[in-house]
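Chemist: dropping the sequence and predicted coords here.
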Amino acid sequence: MASARTQYREEYAPRTISKAALRGLVEALVDFKPGLPTTSRKIKARAISAGKTTELEGPESWKATDPHSLADLQHVHVELLLVRSEHRRCEIHVEFRGGRALLSISDYETGWGKGVFEDMRALLGNLGISSRGVGEILRRAYGLLDIFQNVLLVFSVAVFAVWLSGRGATYLYASLALFIAGVMPAMTHSFHFLSPPRRPQVFQEAAATGRNFPWAESTAVLAFVTGVLELVKALVAIVW
């Protein structure tokens, strides 16, 4: 009879990861949650590029990427299998492909899944693999601006019309800020259409610092916040 499976998944935004982070991940998984009553542990890593696949097991499986050009890597998969009994196990999968990192936990009746998932999230954060902090907040906020860009543009025109009717300069500033917040996603899409971005490189020898900061997203979000504050300022001036 097949075991019931409980699954936990989380996907992270694109970021460039150093080979040192991959090595740190594999080495951390070797001794991951040593208190679990496992009967066996198996860790392996698989690297795939055009026409080539490398798979290694054990504490040095992070070397699976060595035979590959980092610029051509299409998929890197790290797996840890924690076995409790013949039909009870917990599988940890960390995948890097398509410019994204994915954490997946499959728990087959061990009861470890939730705890393993939370500890893995913390581990990936400490290694700089998962997206977190201000950059991730900006990306999420930018996603909302991307959805409502047409609404923001219409709203900015309406606020501009109010300024033309003789209102103070605060309405002009709010209109310009909201216009920038709405037009930035459209400009980004147009730029990508005219000049398609290169496939994001997942791994490189050293960590990339500046490239991971979302400058376009931060500009749009800052403009939106500025526009809202200016509108609030104008409304407060009317009330008082």
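Modeler: Received it, and whenever you're ready, just let me know what you need.
Chemist: moving C-terminal from the helix or strand of the chain with the lowest mean pLDDT, which element do we reach first?
Modeler: Least confident helix or strand of the chain, by mean pLDDT, DSSP states H and E, is strand 203-204 with a mean of 70. Beyond strand 203-204 in the direction of the C-terminus, DSSP states H and E gives the next helix or strand as helix 215-239.
Chemist: check what contacts that next one and list those residues.
Modeler: Applying Cβ atoms under 8 Å, 6 or more residues apart in numbering, the contact partners of helix 215-239 are 138-139, 141-142, 145, 152, 156, 159, 167-168, 170-171, 173-178, 180-181, 184-185, 188. Bear in mind the C-beta positions are built from the backbone N, C-alpha and C, glycine included.
Chemist: could you identify the buried members of those residues?
Modeler: 138-139, 141-142, 145, 152, 156, 159, 167, 170-171, 173-178, 180-181, 184-185 (16 or more other Cβ atoms under 10 Å).
Chemist: tell me what whichever strand or helix holds residue 46 is packed against?
Modeler: Per DSSP H and E, residue 46 falls inside strand 40-49. Strand 40-49 is packed against helix 19-30, strand 52-57, strand 73-85, with contacts defined by 3 or more Cβ pairs under 8 Å, 6 or more residues apart in numbering; DSSP states H and E.
Chemist: report the distance from that strand to the chain centre.
Modeler: 22 Å (Cα atoms, centre = their mean, to the nearest Å).
Chemist: now do the buried residues in that strand.
Modeler: 41, 43, 44, 45, 46, 47, 48, 49.
Chemist: direction included, what does it pair against?
Modeler: Strand 40-49 sits in its sheet next to strand 52-57 (antiparallel), strand 73-85 (antiparallel), going by DSSP bridges.
Chemist: tabulate those (TSV), appending mean pLDDT and distance to residue 96.
Modeler: As requested, the strands paired with strand 40-49 are exported to TSV (pLDDT from 0 to 100; distance: least, Cβ to Cβ, whole Å):
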stretch	mean pLDDT	distance to residue 96
strand 52-57	95	14
strand 73-85	93	4
